[in-house]
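Peer 1: build the 3D model from these lines:
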Amino acid sequence: MNTFNNALAQLKSAGAIVGTDPLILEKLKQPERIVEVSIPLTLDSGEQKIFTGYRVQHSNARGPYKGGLRYHQKVDIFEVKALALWMTMKCAVVGIPMGGSKGGITVDPKKLSRNELERLTRTFTRTMKDVFGPDRDVPAPDVNTTPEVMGWIMDEYSQIVGHQELAVVTGKPLAIGGSAGRGTSTADGGFMILEEVVKKLKLTPKKTTVIIQGFGNAGYNMAKLVHKAGYKIIGLSDSKGGIIDLKKQGMDPKNVMKRKKEQGSIDGVYCTDAVCDDKNYKHVSNERLLETDCDILIPAALENQITEKNAGRIKAKVVLELANGPTTPEADKKLSKKNIIVVPDILANSGGVTVSYFEWVQNKQGYYWSEKEVRSKLEPIMKDAFNEIWERKEKYKTTLRLAAFILALERLEAAMKARE
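Peer 2: I've put the predicted structure just below:
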């Protein structure tokens, strides 16, 4: 499944509704620059391997390119192109003055030692020395990359340019210029959007059931926020499988994480012994988890999880996309016909890039904010974006996804024409 074609279909549909200048649409259909590099790595064993790395710079009409780096064995150019386009849209949706890019290395980082991973990252940074830059292209963490990895990139780039350059990358450890609140920002922003949706639909949190697919940084932090607010989490999963709460009493994600670390995966977090707290949990596949009856379904894993094949079996009232591109265009149409509200990724998970922008600003100024200040600055941005998108949804009688693309296109068109 070509993820980039999915992104283009979304762009085309939104442009048709709002009447975007055809030339602007043509420019946005292709990235401004694609970089593909070979990355040699000497393993700890002495064996040499070559890995492929990518950086796609989609648009800098509104500011420097901004986007994550992912380390995953299935990274390919089509995925990276799609993610770069979505980053352009995402930055425009929340109104931050940055463009969109994305990158990655086709590698399974779990098969590398820490030293091998560091050498791979530093070599990749050297190959990208003329691509990255605080006023050119600012990477950030993504799938399987961490603050430590970002720290290696910053350090290597700083050595190359001959001075410390904190603003070249975001998502760094706090000790070397990271921002307070960055680690939980994707979930924080997603939760702020969830609360707005719940208000619009007049749902009661304590009576609202939630399923979260994905138990990484975003999914786990979202689960903690949802649980703390009183929602009932009745299903959780990681890459190996999931569990559902048969009695719908609600799961405590901290307990599930504790058991996951003991068992090795979420699908091992259940038992039949009478003394077990989780005796009412049942193992399910990730596919079946998505189709379980609930009020709010939160995909927080990878792309293309809800497709034309399974969209008809989705029973949630709301799908809130904490992952990038979890729903295909064909699935979107089916969900819309079923009156299922899909809160698109370019809105729902934009808290991450917004706080990344905050980190970049703090690095540039040399002045840092508390976590409380970060949250206080994030909340109005997320809520304003949601309300502007909802207004366009009502105005054009369309989906939230297309309304979000419409808002982004309005801002991109204004920026691109102002440069003419």
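Peer 1: what does the domain assignment say about this structure?
Peer 2: Per automatic domain parsing, the structural domains of the chain span 31-164, 185-301.
Peer 1: just send the ones you listed back as TSV, with mean pLDDT, mean neighbour count and distance to residue 415 too.
Peer 2: No exception for glycine: its C-beta is placed from N, CA and C like everyone else's. Output for these, formatted as TSV (pLDDT from 0 to 100; neighbours: other CB atoms under 10 Å; distance: least, CB to CB, whole Å):
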stretch	mean pLDDT	mean neighbour count	distance to residue 415
domain 31-164	96	20	5
domain 185-301	88	19	23
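Peer 1: quick one: which of those is nearest residue 9?
Peer 2: Each of those has some distance to residue 9 by CB to CB; the shortest is domain 31-164, at 10.6 Å.
Peer 1: now the end-to-end length of the closest one.
Peer 2: One end of domain 31-164 to the other measures 30 Å (CA to CA, to the nearest Å).
Peer 1: again with stretch 118-138
Peer 2: First-to-last distance for stretch 118-138 - CA to CA - comes to 19 Å.
Peer 1: chain center to that stretch, what's the gap?
Peer 2: 21 Å (CA atoms, centre = their mean, to the nearest Å).
Peer 1: one more: stretch 43-51?
Peer 2: Offset of stretch 43-51 from its chain centre (CA atoms, centre = their mean): 31 Å.
Peer 1: just to check, residue 402 is in contact with residue 396?
Peer 2: Yes. The criterion here is CB atoms under 8 Å, and residue 402 meets it with residue 396 at 7.4 Å.
Peer 1: neighbour-wise, which of those two wins?
Peer 2: The residue with more neighbours, out of residue 402 and residue 396, is residue 402; 23 against 14, by other CB atoms under 10 Å.
Peer 1: quick check: the more buried one is in a strand.
Peer 2: No. Read with DSSP: H, G, I helix; E, B strand; the rest coil, residue 402 is helix and lies in no strand.
Peer 1: check the gap between it and residue 370 for me.
Peer 2: 37 Å (CB to CB, to the nearest Å).
Peer 1: residue ranges for the strands of the protein, please.
Peer 2: Assigned by DSSP state E, the chain shows strands spanning 33-42, 48-59, 65-72, 100-106, 137-141, 209-213, 232-238, 241-245, 281-284, 296-299, 318-320, 341-343.
Peer 1: tell me the angle the second one makes with strand 100-106.
Peer 2: Relative orientation of strand 48-59 with respect to strand 100-106: 170 degrees, computed using axes from the mean of the first three to the mean of the last three CA atoms, to 10 degrees.
Peer 1: show me what strand 48-59 is packed up against.
Peer 2: Helices and strands touching strand 48-59, by 3 or more CB pairs under 8 Å, 6 or more residues apart in numbering; DSSP states H and E, are helix 22-28, strand 33-42, strand 65-72, helix 77-93, strand 100-106, helix 114-127.
Peer 1: right, and those - which one's nearest residue 301?
Peer 2: Per CB to CB, nearest to residue 301 of the helices and strands packed on strand 48-59: strand 65-72, 11.6 Å.
Peer 1: and the contacts of that closest one?
Peer 2: 57-59, 83-84, 87, 91, 98-109, 117, 136-145, 149, 153, 353, 356-357, 360 (CB atoms under 8 Å, 6 or more residues apart in numbering).
Peer 1: now with 6 Å?
Peer 2: 57, 84, 87, 98-105, 107, 109, 137-140, 142-145 (CB atoms under 6 Å, 6 or more residues apart in numbering).
Peer 1: that one pairs with which strands, parallel or anti?
Peer 2: Using DSSP bridges, the strands paired with strand 65-72 are strand 100-106 (parallel), strand 137-141 (parallel).
Peer 1: turn those strands into TSV, columns for distance to residue 295.
Peer 2: Formatted as TSV, those follow (distance: least, CB to CB, whole Å):
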stretch	distance to residue 295
strand 100-106	32
strand 137-141	30
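Peer 1: ok, now which ones touch residue 360?
Peer 2: 138, 167, 170.
Peer 1: got the residues you listed as a markdown table, with distance to residue 39 columns?
Peer 2: Supplementary listing: these in a markdown table, determined by distance: CB to CB, whole Å:
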| residue | distance to residue 39 |
| --- | --- |
| 138 | 20 |
| 167 | 24 |
| 170 | 22 |
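Peer 1: now, which of the residues you listed sits nearest residue 203?
Peer 2: residue 170 (33.9 Å).
Peer 1: not counting its neighbours along the chain, what's nearest residue 225?
Peer 2: Excluding the flanking residues, the one nearest residue 225 by CB to CB, 6 or more residues apart in numbering is residue 191, at 4.3 Å.
Peer 1: repeat for residue 15
Peer 2: That would be residue 25: by CB to CB, 6+ apart, it lies 4.7 Å from residue 15.
Peer 1: so how many other residues sit close to that neighbour?
Peer 2: 18.
Peer 1: mind checking how far it is from residue 389?
Peer 2: Remark: distance between residue 25 and residue 389 (CB to CB) = 20 Å.
Peer 1: repeat for residue 150
Peer 2: Residue 150 sits at a distance of 30 Å from residue 389 (criterion: CB to CB).
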